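J.: Got a predicted structure plus its sequence, pasted below:
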Amino acid sequence: MENILSVKGIKKSFGGVHALKGVDLTIRKGEIHCLAGENGCGKSTIIKVISGFYQPDEGSIEIDGKGYPVMTPSDAIRAGVQVIYQDFSIFPNLTVIENLAFNQVLANRKKLVNRKEFRRIAEEAVAKINFEVDLNALVETLPVADKQLIAISRALLENAKLIIMDEPTTALTKKEVARLFEIIADLKKRGITILFVSHKLDEVFEISDSITILRSGENVISCPASEMNEEKFAYYMTGRHFDTQQLGQKKKKGAFGETVLECEHLSAAGFEDVSFQLHQGEILGITGQLGSGRTELSLSLFGLNRPVSGRIKVEGNEVDIRDVTTAQSLGIALVPEDRLTEGLFLPQSIIRNITVTRLDGLAGKTGILNSKTVTEESEKWVKELGVATKNHELPVQTLSGGNQQKVVLARWLANRPKVLILNGPTVGVDIGAKYDIHTLLHQLAEEGMAVIVVSDDTAEVIATCDSAIIMQGGRMTGRLESQDLTEANLAKAAI
Amino acid sequence: MKNLMNKLIKQTEFWVFMIIIVLALLIQARSGAFFANNNIVDIMRSMICPALYAVCALLAFVSTGPDVSFPLIAALSSYLAIVITYGTGYDGPWFVVYLIGMFFGALMGALNGFIIVKYKFPSLIVTLGTSSLFSGILLGAFEAERMELPDTLQRFGSMNLLTVSNEKTGLGSALPMTFLILIVVYLIAYAVLNFTMVGRGVYAIGGDEISAERAGFDVKKIRFGIFVINGMIAAVAGLCYSVMSMKYLPTEFAGGEMVVIAAIVLGGARLTGGVGTLKGCLLGTLLLTMVTNSLILAGISVYWQKVFIGGIIIIGTAIPAIQYFLGGSRGKKVKGGEAA
């Protein structure tokens, strides 16, 4: 089979930092090729080179058999390369029609708006993937999945031969991912090549024909997907061996300490009649689809969604968790779902982010902060959790996703909670950091902390939790203990 | 019909329109003078300058961010136009004076645009700075003072589109020719914003700058253009203001920006950019003009006007929140229906 794209020995550096150190990437016509690698491995840089936004310092680019010594973004588009960025390149304030039609109208150098033409282009675009949407709707009112479909159908308008999708499943629910994959499979049938950028194992195996993995700006391996397995994949991406076996080991019911938290027939907005016990040293999963009530339940335990009936007991005593302060004084901590917007002060330094919830404690009796104590405290956590940074005075936004998560964790761990609730702890985190976080959770449980992992990622729940409760439509539909906690049983319980 | 209602209540403009109706009826009920022909003409007359400024504010807000320099651009460019007219002894048609003003307005706008586009500084800071600069040049370097208008502008100012007199009270009012300028500016702006790709680009940039660049809009050119056009519209507004007062009043311009910005925000322009219409501009301006002009008819003192303006701005900016709330509760019902 011919190659649609062949780049060789691409080097690119920014201000002395080598982002790409001689990357090769060959994609055959009509295949689904996965480009994987941890954050900062050079994935986005190589995409920008292929789409003409960056000029490589060295190396050659060949698209569909034609060499491009210098390639501009419009060259790339003319050659049939289309990129679907993570932000989808849409205009939230405008209608679907305009979002779909702008590129083509501008490419034709039209100066005036012709409503009929706009509509025709838009209809043509959505027809390509049988996408049903109100063309007059404002894009900001649509769900994420629809925004992505807008981006895909728009890309198809430009006679795309190679569509590059940059982490397309990040913000999608399972159902939406399934639909996206159907569309990708359909595109493949029509002879369109897809370069799928992802670091999610299961997706990569499900969809791709071949895989290229980058690490720190270099090729690690390119091979057919069939020759890859989970262990190799993780190793090639991170350069580390992971002992996932040990993490998967589940403790039996009797192995835990005393009951720390107990819910009896608890009901609140979003869920009803939930009962469970949580013990010292236990990692409990709360899993279910979006809207199942899993998030609401976790918020109730942290004083953010007041129960209307039922009881919560902490260490045997009935408590009324009115607000966050009460929850904290009871030793309950919650790491929020969207760590970027809810949990961190991104432009602030790591040190401030770590110590912000403990300022009262660190200040001591005088109420005046001693910068040395604060620094020591922060340094301790940076070291203990292995936050990869040279300097904890740097803003949190300079860290990778996994390390940001560690900073959030450090902040909550600093209060020494008895119950640690994590909402989607590894959403958007790459594989190495994910492993680190899971290891850390096991360590904490080992030390006697009770941990609740709220997640819709069943693989994560199975890999890390000792037991799990399954929720659906606001009700608890089952509880699985130790060995029974398997993919098959989870699926059964969810029905 | 139901669809139309649904569509309407989603538009901020509709709510502003309702407030205007209610306020008009209230004033009419208390004074019986709101719908008098002279009052209506007075309001139209008072709207001319703020409504012109509102276009500047709208273009800037939708595409980039706040522009607060238009009152000072208006003051300095109309001053230069008038001085040059005197200096050359020009006495031809009035619009040549306007063209001179627009030329200087464009230059000042270009300075704003250059700094904002080239150095990516926030527009609020840049235009605050240039405002101060223009004010210094006007009052310090040129030592501008009150002056009479050149003959050509005097003649233009004394032409009226329409004069009315109220039979009951004997009060009269006239609608000046400058009202036509307002209509022309709005028509052009409407056509450009809705029917040209550059106009759509203004909204696209405001929606997402990077997406706009990727789609093929020339973001820098459009942005720079907007500030140049703003300068020109400001110059037109400044000359209209002078023509209507029959005098050049250098100190009367500064401070006009806040009410104008309030008016366009009332009219639905979003502070974060990308959203706002000319219809909203006009309605917002009309509402605030009514408050400043007509509340006094209802026996409300001038000092209380400010309270009213403040209240209306707060309620007006709350409209999107109210709409969100209404939309949100509808959405929830649908979801509940599905689950059951």
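T.: Nice, I can see it.
J.: how about the nearest residue to residue B:161, chain neighbours excluded?
T.: residue B:175 (4.6 Å; Cβ to Cβ, 6 or more residues apart in numbering or on different chains). Just so you know, the C-beta spots here come from the backbone N, C-alpha and C atoms, and that holds for glycine as well.
J.: Now do the same contact list for the one you found.
T.: Listed by Cβ atoms under 8 Å, 6 or more residues apart in numbering or on different chains, the contact partners of residue B:175 are B:41, B:44, B:45, B:160, B:161, B:162, B:163.
J.: one more time with 7 Å, if that's ok
T.: B:41, B:44, B:45, B:160, B:161, B:162 (Cβ atoms under 7 Å, 6 or more residues apart in numbering or on different chains).
J.: Count the neighbours of residue A:235 for me.
T.: 17 (other Cβ atoms under 10 Å in any protein chain shown).
J.: surely it meets residue A:241?
T.: Yes: counting by Cβ atoms under 7 Å, residue A:241 is a contact partner of residue A:235 at 5.9 Å.
J.: for chain A, what are the nearby residues on the stretch 151-300 of chain B?
T.: B:194-197, B:200, B:203-204, B:206-208, B:211, B:214-217, B:274-275 (Cβ under 7 Å from any Cβ of the partner chain).
J.: mind listing which of those residues are in helices?
T.: B:194, B:195, B:197, B:200, B:203, B:204, B:206, B:207, B:211, B:214, B:215 (DSSP state H).
J.: May I see these arranged in CSV, with pLDDT as well?
T.: Output for these, formatted as CSV (pLDDT from 0 to 100):
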residue, pLDDT
B:194, 95
B:195, 95
B:197, 95
B:200, 96
B:203, 96
B:204, 96
B:206, 94
B:207, 93
B:211, 91
B:214, 86
B:215, 87
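J.: Just the buried residues out of those, in PyMOL syntax.
T.: Here is the PyMOL command that selects the buried residues among those (16 or more other Cβ atoms under 10 Å in any protein chain shown):
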select buried, chain B and resi 197+200+203+204+206+207+211+214+215
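J.: Could you check the pLDDT of the most centrally placed residue in chain B?
T.: Centrality entry for chain B: nearest residue to the mean C-alpha point is residue B:54, 1.4 Å, by Cα atoms, centre = their mean. pLDDT, residue B:54: 96.
J.: next one: residue A:480
T.: On the pLDDT scale, residue A:480 is placed at 88.
J.: near chain B, anything from the helix or strand where it lies?
T.: Element membership of residue A:480 [criterion: DSSP states H and E] is strand A:475-481. No: among the residues of strand A:475-481, none lie within reach of chain B under Cβ under 7 Å from any Cβ; the closest is 11.0 Å away.
J.: Downstream of that strand, the next helix or strand is which one?
T.: According to DSSP H and E, the helix or strand after strand A:475-481 is helix A:487-493.
J.: for that following helix, packing partners?
T.: helix A:458-464, strand A:475-481 (3 or more Cβ pairs under 7 Å, 6 or more residues apart in numbering or on different chains; DSSP states H and E).
J.: For stretch B:286-302, which residues meet the burial criterion?
T.: B:286-295, B:297-298, B:300.
J.: Which ones among those map onto helices?
T.: B:286, B:287, B:288, B:289, B:290, B:291, B:292, B:293, B:294.
J.: who's in contact with the fifth one?
T.: What that stands for is residue B:290. B:20, B:23, B:24, B:43.
J.: what do you get if the cut-off is 10 Å, keeping everything else the same?
T.: Residue B:290 is in contact with B:19-20, B:23-24, B:27, B:34, B:39, B:43, B:46-47, B:297, B:308, B:312, counting by Cβ atoms under 10 Å, 6 or more residues apart in numbering or on different chains.
J.: can you check the last one too?
T.: For residue B:294, the contacting residues are B:23-24, B:26-28, B:31, B:33-34, B:39-40, B:42-43, B:46, B:300, B:305, by Cβ under 10 Å, 6+ apart.
J.: Looking at the residues you listed, which are in helices?
T.: Residues of the contacts of residue B:294 located in helices (DSSP H): B:23, B:24, B:26, B:27, B:28, B:31, B:39, B:40, B:42, B:43, B:46, B:305.
J.: C-alpha coordinates for the helix or strand residue A:311 falls within, CSV please?
T.: Element membership of residue A:311, judged by DSSP H and E, is strand A:309-314. Taking C-alpha atoms only, strand A:309-314 is exported to CSV below (Å, rounded to 0.1, in the frame of the first residue of the first chain):
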residue,chain,number,x,y,z
SER,A,309,-33.1,11.7,54.4
GLY,A,310,-30.9,8.9,55.7
ARG,A,311,-27.9,8.9,58.0
ILE,A,312,-24.2,9.4,57.7
LYS,A,313,-22.0,8.0,60.4
VAL,A,314,-18.3,8.8,60.9
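J.: Next, the buried residues of it.
T.: Applying 16+ other Cβ under 10 Å to strand A:309-314 flags A:310, A:312, A:314 as buried.
J.: And the helices in the stretch 101-250 of chain A?
T.: A:115-128, A:144-157, A:174-189, A:201-207, A:230-238, A:244-248 (DSSP state H, counting those that start in this stretch).
J.: So what's the residue count around residue A:294?
T.: 28.
J.: Check residue B:162 too.
T.: Number of residues near residue B:162 (other Cβ under 10 Å) recorded here: 13.
J.: So what's the predicted local confidence for it?
T.: 87.
J.: before we move on, what SS does it have?
T.: Per DSSP: H, G, I helix; E, B strand; the rest coil, the secondary structure class of residue B:162 is strand.
J.: Need the phi and psi values for the closest residue to it other than its chain neighbours.
T.: Leaving aside its sequence neighbours, residue B:162 sits nearest to residue B:175 (Cβ to Cβ, 6+ apart; 4.5 Å). With angles defined as degrees, to the nearest 10, residue B:175 sits at phi -100, psi 120.
J.: From residue B:282, how far off is residue B:175?
T.: 16 Å (Cβ to Cβ, to the nearest Å).
J.: do residue A:233 as well
T.: Plainly put, residue A:233 is 60 Å away from residue B:282 if you go by Cβ to Cβ.
J.: What count of nearby residues applies to residue A:447?
T.: Residue A:447 has 9 nearby residues by other Cβ under 10 Å.
J.: Assumed residue A:275 was part of a helix.
T.: No: assigned with three-state DSSP, residue A:275 falls outside any helix and is strand.
J.: Wait, it touches residue A:475, no?
T.: No: applying Cβ atoms under 10 Å, one finds residue A:275 not in contact with residue A:475, separated by 11.2 Å.
J.: hmm, back to that, identify the farthest-apart pair in the contacts of residue B:290.
T.: Taking Cβ to Cβ as the measure, the contacts of residue B:290 span a maximum distance of 19.0 Å, between B:39 and B:312.
J.: These two: who's more crowded?
T.: It is residue B:39, of residue B:39 and residue B:312, that has more neighbours when counted by other Cβ under 10 Å, with 24 against 21.
J.: and the residue of the stretch 251-400 of chain A found nearest chain B, helix, strand or coil?
T.: Distances between the stretch 251-400 of chain A and chain B by Cβ to the nearest Cβ are smallest at residue A:291, namely 7.8 Å. Of the three states, residue A:291 takes coil under three-state DSSP.
J.: Next, work out how far apart it and residue A:473 are.
T.: Residue A:291 is 8 Å from residue A:473, by Cβ to Cβ.
J.: Name the SS class of the closest residue to chain A within the stretch 1-150 of chain B, please.
T.: Here the residue of the stretch 1-150 of chain B nearest chain A is residue B:62; by Cβ to the nearest Cβ that distance is 8.8 Å. Following three-state DSSP, we place residue B:62 in the helix state.
J.: which ones are touching it?
T.: Going by Cβ under 10 Å, 6+ apart, the list of residues near residue B:62 reads A:93, B:193, B:202-203, B:205-207, B:226, B:264, B:269-270, B:273-277.
J.: Around chain B, pick out the residues from the stretch 351-495 of chain A.
T.: Listed as neighbours of chain B in the stretch 351-495 of chain A under the rule Cβ under 10 Å from any Cβ of the partner chain: A:473, A:474.
J.: For the stretch 351-495 of chain A, just list every one of the strands.
T.: With strands called from DSSP state E, counting those that start in this stretch, the stretch 351-495 of chain A shows them at A:419-423, A:450-455, A:467-472, A:475-481.
J.: All set now, cheers.
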